[in-house]
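S.K.: What shape does this take:
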Amino acid sequence: MDGRIALIGGGRIGEALLGGLIAAGHEPGALVVAEPHAGRGGELAERYGVSTVTTVAEAVDGADLVVIAVKPDVVTAILPDVASALRPGAVVSSVAAGVPTTVYEAALPAGTPVVRVMPNTAMLVGRSMSGISGGREATEGHVTLVREVMDAVGKTLVVPEAKLDALTALSGSGPAYAFLVAEAMIDAGVDLGLTRDQATTLATHTIAGAGALMVETSTSPVELRAAVTSPGGTTAAAIRELEKNGLRPAFYAATRACAERSAELGKLA
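M.R.: Got it, this is the predicted structure:
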C-alpha cells in the first residue's frame, strides 16, 4: 500500500510484521513504530531504518493505516490514545487475539473502519496463515488493503468475523498442534533407540517436508497419505494404531475446545 503505516507495539509479532513489510518493498520512511521501551525502539530503528516513538499518539498522528500489535489485555488501555490522534479516513487493524471489532469501534471515532487479523506464530518466519475480517464500517477496499499488508508475512484468508473462532482453532492455534506432534514423534524415536538429536532432525524435517507437499502440490492430504500407505505395509500399521487410539476424535475435541475458548475470551474483551 501507499501511505504511512503506524505499528503499535514492537514485540516479536510487531517486529515480524515490520521485517516482512520492508522485505516486501515498503519504504522504511513510511513506517513508524510505537514502542514504550526506548532501548527496544532504538534496536528496531537501527535494524530496519524506521522511525520509532515512545507514545501511541505520536505514531498514529498522520498515519493512513494503524496496526495494533500489542497483547490483548493492553488493547483497551491504548485505544483512547489511538482515537485522540487518528486522522479521518484512517484504517485501524489489529492482530491482538480474541478482541472483536466491536471493542475498537466503540472506542474509536464514529465511522472508523476496523479490520481484525488472526495470524499465527509462523509469522516469525514469513509463513503465517492469517484470517482477516472486516468490522461494521470496513469496506471490501479496506479489507483488501490490510490483506496486502499481511501478505508480506504469509498467506491470508478473508472470512466473516463470526468464523474467526473456528479459524483460530485451526490456524491460530494450529502450530502448537504440529509442535506437539513433533514432540511426541521425537520421544517415540528416542524410545526406539535414536538419539534425541537424531529424532529431532528426523521429526522436524519430516513435518516440514509434509507441509511443503500439501502446500506446493495440488494433491489433497488424503491422496498424499494414501500414496505412502501400502496395503499391509509399515505405514499402514502405524496409521491403524493412530486411528485406534483416537487421533481423529482428539482433533475434533481439541479444535472445538479451542473455538469455544476463543468465543469466551471475545466476550470478556
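S.K.: what comes up buried for the helix or strand harbouring F251?
M.R.: Counting by DSSP states H and E, the element that carries F251 is helix 247-268. Of all the residues in helix 247-268, those buried under the rule 16 or more other C-beta atoms under 10 Å are 255, 258-259, 262-263, 265-266. Where you see a C-beta, it was placed from the backbone N, CA and C, and this is true even at glycine.
S.K.: Turn those into JSON lines, columns for pLDDT and distance to A69.
M.R.: Shown next, in JSON lines, are the buried residues of helix 247-268 (pLDDT from 0 to 100; distance: C-beta to C-beta, whole Å):
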{"residue": "T255", "pLDDT": "98", "distance to A69": "25"}
{"residue": "C258", "pLDDT": "97", "distance to A69": "22"}
{"residue": "A259", "pLDDT": "96", "distance to A69": "23"}
{"residue": "S262", "pLDDT": "92", "distance to A69": "19"}
{"residue": "A263", "pLDDT": "91", "distance to A69": "23"}
{"residue": "L265", "pLDDT": "88", "distance to A69": "18"}
{"residue": "G266", "pLDDT": "87", "distance to A69": "18"}
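S.K.: and which of those residues is nearest A152?
M.R.: For those, the residue nearest A152 by C-beta to C-beta is S262; the value is 24.9 Å.
S.K.: Show me the two of the buried residues of helix 247-268 that sit farthest apart.
M.R.: Farthest pair in these (C-beta to C-beta) is T255 and G266. Separation: 16.5 Å.
S.K.: now the helices for the stretch 151-269 of the chain?
M.R.: Read by DSSP state H, counting those that start in this stretch, the stretch 151-269 of the chain holds these helices, from start to end of the chain: 164-167, 174-191, 196-216, 221-227, 234-244, 247-268.
S.K.: Check what pLDDT K267 gets.
M.R.: We have a pLDDT of 86 for K267.
S.K.: Break the chain down into its domains, please.
M.R.: Split into domains by automatic domain parsing, the chain comes to 5-163, 174-266.
S.K.: Just name the most buried of the ones you listed.
M.R.: Mean neighbour count (mean count of other C-beta atoms under 10 Å) peaks for domain 5-163 among those, with a mean of 19.
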